[in-house]
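> Pasting the sequence and the predicted coordinates here, then a few questions.
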Amino acid sequence: MPNRPRSGGRKPSLQERQDAARALAIMALSFIAGEPERLGRFLALTGIGPESIRSAAREPGFLVGVLDHLASDDRLLRAFAEQNEFDPEQVMQARELLARASPHGS
């Protein structure tokens, strides 16, 4: 979730940073879902059934939970960060942005 300055050196707005954080969390969910073992563990730990993952993804806080899951397993976090070529710390930054934006907070 790089915060690259826009043309003219303008810093990204809060909305742009939150959008980037959502995009990172969606990438994380795709990464988890990309391997049956990872997905099975995620579903088992969250209690979400495979048939209800789409509806769960629309719930406030779901993407925060995806990033929490990723951050709870250092090996998984590092594999995700390496595959997507960014610093693992960006996952926690994205998580914090999404948690503040969620109506339930954290």
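Received it, and whenever you're ready, just let me know what you need. Residues are numbered from 1 along each chain as shown.
> what's the longest helix in this structure?
helix 14-33 (DSSP state H).
> In that one, which residues are buried?
Across helix 14-33, burial judged by 16 or more other C-beta atoms under 10 Å covers 17-18, 20-22, 24-25, 27-29, 31-32. All C-beta spots, glycine's among them, are computed from the backbone N, C-alpha and C.
> residues in contact with residue 101?
Contacts for residue 101 (C-beta atoms under 8 Å, 6 or more residues apart in numbering) come out as 18, 21.
> Any idea which helix or strand in the chain has the lowest mean pLDDT?
One helix or strand of the chain scores below all others by mean pLDDT, DSSP states H and E: helix 53-57, with a mean of 86.
> quick one: contacts of that helix?
Applying C-beta under 8 Å, 6+ apart, the contact partners of helix 53-57 are 29, 33, 43, 46, 48, 62-63.
> hmm, 6 Å instead?
Contact with helix 53-57 is made by 48, 62, as judged by C-beta atoms under 6 Å, 6 or more residues apart in numbering.
> how distant is it from the center of its chain?
14 Å (C-alpha atoms, centre = their mean, to the nearest Å).
> So what's the residue count around residue 100?
Residues contacting residue 100 under the criterion other C-beta atoms under 10 Å number 13.
> ugh, wrong one, residue 12
By the criterion of other C-beta under 10 Å, residue 12 has 16 neighbours.
> Repeat that for residue 103.
The local packing of residue 103 (other C-beta under 10 Å) involves 6 other residues.
> Just the element for the closest residue in space to it that isn't next to it in sequence, please.
Spatial nearest neighbour of residue 103, excluding adjacent residues (C-beta to C-beta, 6 or more residues apart in numbering): residue 60 at 5.0 Å. Residue 60 is part of no helix or strand when elements are defined by DSSP states H and E.
> which residues of the chain score low on pLDDT?
Residue ranges of the chain with pLDDT under 70: 1-8, 104-106.
> Recalculate using a threshold of 50.
Counting by pLDDT under 50, the chain contains low-confidence residues at 4-5, 106.
> can you tell me how far the residue nearest the centre of it sits from residue 10?
Centroid-nearest residue in the chain, with C-alpha atoms, centre = their mean: residue 25, separated by 2.1 Å. Applying C-beta to C-beta, to the nearest Å, the value for residue 25 to residue 10 is 24 Å.
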